[in-house]
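**Q** Take a look and give me a structure for this.
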Amino acid sequence: MAQAGQRVDPYGSFDFLVEIDGITRASFQEVSGLESTIDTMDYREGGENETMRRLPAKTKFVNIVCKWGTTDNPEMSEWHRQWVVGDPAAARKNGSVVLLDRQGNEKVRWNFVNAWPSKYVGPSFNAKNSDVAIETMEIVHEGITRV
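**A** Prediction:
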């Protein structure tokens, strides 16, 4: 914890890794969707005519979107393919998005649970540019926690 008056710089968003049970994919270009929203429910209390009470209701989690440069490692697309064909070995997985400091030390971790790939997008090709071929996957999950 920082002392009073001590400067604490925020971490950059460029140094991170993704861990998914049993998938050893090392690098991702982009990860988004570390997000949750708590719905509210309005409640009117008898005798309280001026104000409506607001209570927490269901929590919703946004899909995690992972983007990576195409290589000969098929683990992510094979995980999605298992779900497409209804393979009984297709398993929900737990995982983490880990933020690193400039020295490569873990600083913040977001753990997600009971995840499965709901969408896979292969790379787009264009002979007019020299961009890296990017694959994208949306991962549905049942909860995310910052630790």
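
**Q** State the distance from Met76 to Gly46.
**A** 55 Å (CB to CB, to the nearest Å). Placement of C-beta: from N, CA and C, glycine included.

**Q** the more surrounded of these two?
**A** Met76 (21 against 5; other CB atoms under 10 Å).

**Q** Does the more buried one lie in a helix or a strand, and which?
**A** helix 75-84 (DSSP states H and E).

**Q** What is the subsequent helix or strand relative to that helix?
**A** From helix 75-84 onward toward the C-terminus, using DSSP H and E, the following helix or strand is strand 93-100.

**Q** Parallel or antiparallel, list what pairs with the strand ranked longest in the chain.
**A** What stands out as the longest strand in the chain, according to DSSP state E, is strand 106-121. When sheet partners are counted by DSSP bridges, strand 106-121 sits next to strand 93-100 (antiparallel), strand 134-140 (antiparallel), strand 144-146 (antiparallel).

**Q** give the contact list for the residue most central in space within the chain.
**A** For the chain, Ile64 is the residue whose C-alpha lies nearest the centre (CA atoms, centre = their mean; 3.3 Å). Ile64 makes contacts with Val31, Ser32, Gly33, Leu34, Val97, Phe112, Ala115, Glu138, Ile139, His141, Ile144, as judged by CB atoms under 8 Å, 6 or more residues apart in numbering.

**Q** distance of it from Ala90?
**A** Plainly put, Ile64 is 18 Å away from Ala90 if you go by CB to CB.

**Q** Then Val8?
**A** Counting by CB to CB - Val8 and Ala90 are separated by 43 Å.
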